[in-house]
Each structure stands twice: as C-alpha cells, then as structure tokens.
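Chemist: build me a model from this:
(chains A and B)
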Amino acid sequence: MTSLHLSNISYSIKKQVILDQLDFELNSENFILMTGQNGSGKSTLLKIASGLLKPDHFYLSDSQDPRVKKNWHESKGYLRKNLCYLHQTPYLFNGTVFDNIAYGLKQPLFSKTRLNHSEIEFKVNDVLKMIDLQHLRNRQSHALSGGEKQRIAIARSWVIEPSFILLDEPFANMDKQSRHSTYDVINQLKEDNIGIILTSHDPHHGELAFNRHFHLHQGEMIEKSLPDNII
Amino acid sequence: MDDLSTASLQAIALLFSGDAQLWEIIFLSFSVSFRAILLSAPLAILIAFFLAYFHFPMRRFLIALFNTAMSIPAVVVGLTLYLLLSRVGPLGDLRLLFTQEAMIMGQMILCFPLLVALSHATLQSVDRRAWETAITLGAHPFRAFFSILKEARFGLMAAIIAAFGRIIAEVGSSMMIGGNILHYTRNIPTAIALETSKGSFSQGIALGIVLLIMALVLNLLLTSIQGKGEFAL
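Modeler: Residues are numbered from 1 along each chain as shown, chains lettered A, B, ... in the order given. Just a heads-up that it's a prediction; the model follows:
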C-alpha cells in the first residue's frame, strides 16, 4: 500500500494566498471527497500534488519513514509517476480513442521494459472492455460526447496503473446517464486499489463510497464528516 | 497588352520546351530555399515553444523583437551580410560571398523571425491542458514537446509554408550576396530581375508562372492535409 505524507503545501498568486501550509496523509485505500467553493484552490492543490504546478513550499515524505522529506523539485518525478491528474474537461489528443489510451503506455516513465505493440493493444482493449466502450476504439476523439470523453480520459489514466488518480470536478456539466456511467468507472478504480481524490463543489455523490471528506476554505483545509448519501 | 499576351504565350511554350537553363534556375531556387527552411525551422520552432510555454526574463521583449524582425527588408539583410562577408569584412576569410551558402544564410535570417512569430502564435493557441495531460500521463518534457507539435501541426505547416513563400520570392539579399551568377547562384527572383532589365519578358514571365504554380501547389497540399471543414454552408 502506497502511503504518502504531503506537508507545508503553500501557494500564492501575486501575494494572494491560495493554499496556506496544508498538511495531509494520502494512502491508496483513500477515497477522498474534496469540497470547496469555486476558486478555493481545489484544482491548484491537485495539480501541485500531481507534480504539474510548482508551489511556494512543499514537502513529501513516505509515511513509513517521515524523517526523509523531499521538496517539490526532488519529488516531482515521483509525483508525476504515481499521481495522475484529470482535468475537469479532459483533454484528448487528436487521433483515435485507441491512440489516446495507448499514449501513457508508450511513455518510458511507466513502462520500464518497453511494451510491444500487441501488449499495448491488449491493455487498451482490456480497459475499454471494463468501461464498456469497446465500440469507440477507433473513433476520433473530437467525435466523442462529453461523458464519453471523461470516461475515456479516466481509462487512459487507469491503464498506466498509477497509485492515485486525482479527479477534478469530473461531473461538471454531465447529464444523469453519463454521471451514472462515470460513477461505475470510478468505483471500478477503487476496486482496483487505486487511491482517489475527487473534487466537487457538490458533496452529494451517493453512489461513490468515499471514506474521507476534506473541505477547502480560504486557503485552509479541514476534515469534515462524510456527507449524507443523497443523489 | 499584346506584348504581355505574346510574352505570356512564349513563357508557357518555354516552360514546356524543357529549356535546361530555365529548369536549372528553378531547381537552384528550390534547393537553396529548402535548405534555408530545413536549417531554420527546428531552432525557430523550439524558440517559439519556449516563448509560448515558459516564463523567463526578457520573454515579452524577445516576442516583440521577433515580430519586428519580420519586417526587415531583404535588401537590408543583403547589405549587412555583404558587408560582413566581403573580402574586407569580419567574415571575409570564409570566402562565402557570391555562394549558395551565403544565399542560404540570407534566407535563413529572413525566414527565422517569421517562423518564430508564426509558430509562437500557433503554439500559444494550443490548449494548456495538452501539456499537462502529456506530463501527467508520464511523458518526459521532451516527448510532451513533440506531442504539442503534433497537436499544432497544421498551424506549424502553415508557418513553414508562409516562410518558404517569403524566401523563395525574395530578390534583395539573393542578388546582393548571391551575385546572380549563372549555373551557380542565379535563382528565380534574380533571374526575373535580370531578364526584365534585358527586355526578355517571356523568360521572366515563365519564371513568375513557376513561382505562382509552386505557391498554389503548396497551399493545395496544406489544405488537403488539413482535411475538409466540419460545417456545411
């Protein structure tokens, strides 16, 4: 089980404090709901944690050995390898669904021994089967609906087997049916022992079995009780 | 008017007659300009990428500088290089004046700012999420850079074609530092200038037609790669 301790996370833009010395533990059994108003710094925190955004201060340590602390520069390689960030509106590269899902598998960071074409094909087909979108395999990415794009983007992260997937407002602008299909995919990630942080301004996602709830407000993070399961 | 139509007809006949000298000039022109583009484009696109994606001191100044440099007249580039490469100039020992290499240098200086400015505009317009997505999916920044280039390929191709269009048609620097030497540094624009001054309009027009056909072919190629439009009229 991967267990991380992220501490002293601070980020400000032009002297306006966005995140103020945040501190939290993360392990792959976590299914964290992170709430907060628009502009509260949810996306910023996820981008810092996944090694995409440079913070003012940051330390990462392994929960097993908290004495060894690494700053953001020292840990960004590890963060990029193990924590995969998904945008609110995911970006799919030009090309087919297959090309998109295979993208991460072709990057050396994830494939210590380079995967050959048939292995990549197998993994992509496998993940498409799991999210029940095999029929979209050869479709161009620009021809997908918003909900399909979101699920393909999740599959694209899932296939590279990160320890954590950070989902930034995945249900924004999604209709009820797409929302339910996406719930199914996220629950499958959980069954696959991938730690998840999901941000939302709406705390009520009854079909998702969160086990922790954090709330961001004015640069600070507080742990709250889990919301009632109301759909 | 009669002169013009007669000269045009003669020009077309000349093109199809397989006149060796004419085709040699055309080949030389393309060869020099292709080499200038090939040598300039990689560095220009890399600089454009840094200008579009990273913050560093003098960034805005550099963008303004490249935008301004787009309008440098070819004769000024020619004159400057002439002074540098002439026997008494600081680079005179290289003995490059009146060579194809000097013409390539001149054309590189002319197309470089155009390539940087147009590529910068294209790369600037690529969605920022593309870079983040590539990185979070495990791409090394170098691989992510190529993914961004792939996303922006049509705009970058348009930039390269625009730059090629500028240098294949420029006469100022080629004339000054190439010297318009037959079989060696005479290209389409310098040949047109020479033939016109001699009153030999048909050869000039024939070369002009080649330039226009080349522009048309390149643009047709670009639009065919870019695919059909999504919306019906």
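
Chemist: which parts of stretch A:64-74 are buried?
Modeler: Neighbour counts over stretch A:64-74 (16 or more other CB atoms under 10 Å in any protein chain shown) mark A:69, A:70, A:72 as buried. Backbone N, C-alpha and C define where each C-beta goes, glycine included.

Chemist: wait, I meant stretch A:46-62
Modeler: Neighbour-count burial for stretch A:46-62 [16+ other CB under 10 Å]: A:46-53, A:55-61.

Chemist: how about stretch B:147-157?
Modeler: B:147, B:148, B:149, B:151, B:152, B:155, B:156, B:157.

Chemist: stretch B:207-218 now?
Modeler: With burial defined by 16+ other CB under 10 Å, the residues of stretch B:207-218 counted as buried are B:207, B:208, B:210, B:211, B:214, B:218.

Chemist: and which of those is nearest chain A?
Modeler: residue B:218 (22.4 Å; CB to the nearest CB).

Chemist: who are the packing partners of the helix or strand where the closest one lies?
Modeler: In the assignment (DSSP states H and E), residue B:218 maps to helix B:201-226. For helix B:201-226, the packing partners by 3 or more CB pairs under 8 Å, 6 or more residues apart in numbering or on different chains; DSSP states H and E come out as helix B:2-16, helix B:20-53, helix B:153-168, helix B:188-198.

Chemist: which one of those helices lies closest to chain A?
Modeler: Across these, closest to chain A is helix B:153-168 (CB to the nearest CB), at 8.5 Å.

Chemist: centroid-nearest residue for the chain?
Modeler: Since you didn't name a chain, this refers to chain A. residue A:166 (1.7 Å; CA atoms, centre = their mean).

Chemist: wrong one, I was asking about chain B
Modeler: residue B:164 (2.5 Å).

Chemist: need the contact list for that one.
Modeler: Residues in contact with residue B:164 (CB atoms under 8 Å, 6 or more residues apart in numbering or on different chains) are B:33, B:34, B:37, B:111, B:218.

Chemist: what of residue A:195?
Modeler: So residue A:195 contacts A:2, A:26, A:27, A:28, A:29, A:30, A:31, A:32, A:163, A:164, A:165 (CB under 8 Å, 6+ apart).

Chemist: filter those to the buried ones?
Modeler: Applying 16+ other CB under 10 Å to the contacts of residue A:195 flags A:2, A:26, A:28, A:30, A:31, A:32, A:163, A:164, A:165 as buried.

Chemist: same list (these) but as JSON lines, adding secondary structure.
Modeler: Listed next are the buried ones among the contacts of residue A:195 as JSON lines, based on DSSP: H, G, I helix; E, B strand; the rest coil:
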{"residue": "A:2", "secondary structure": "coil"}
{"residue": "A:26", "secondary structure": "strand"}
{"residue": "A:28", "secondary structure": "coil"}
{"residue": "A:30", "secondary structure": "coil"}
{"residue": "A:31", "secondary structure": "strand"}
{"residue": "A:32", "secondary structure": "strand"}
{"residue": "A:163", "secondary structure": "coil"}
{"residue": "A:164", "secondary structure": "strand"}
{"residue": "A:165", "secondary structure": "strand"}
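
Chemist: alright, that wraps it up for me.
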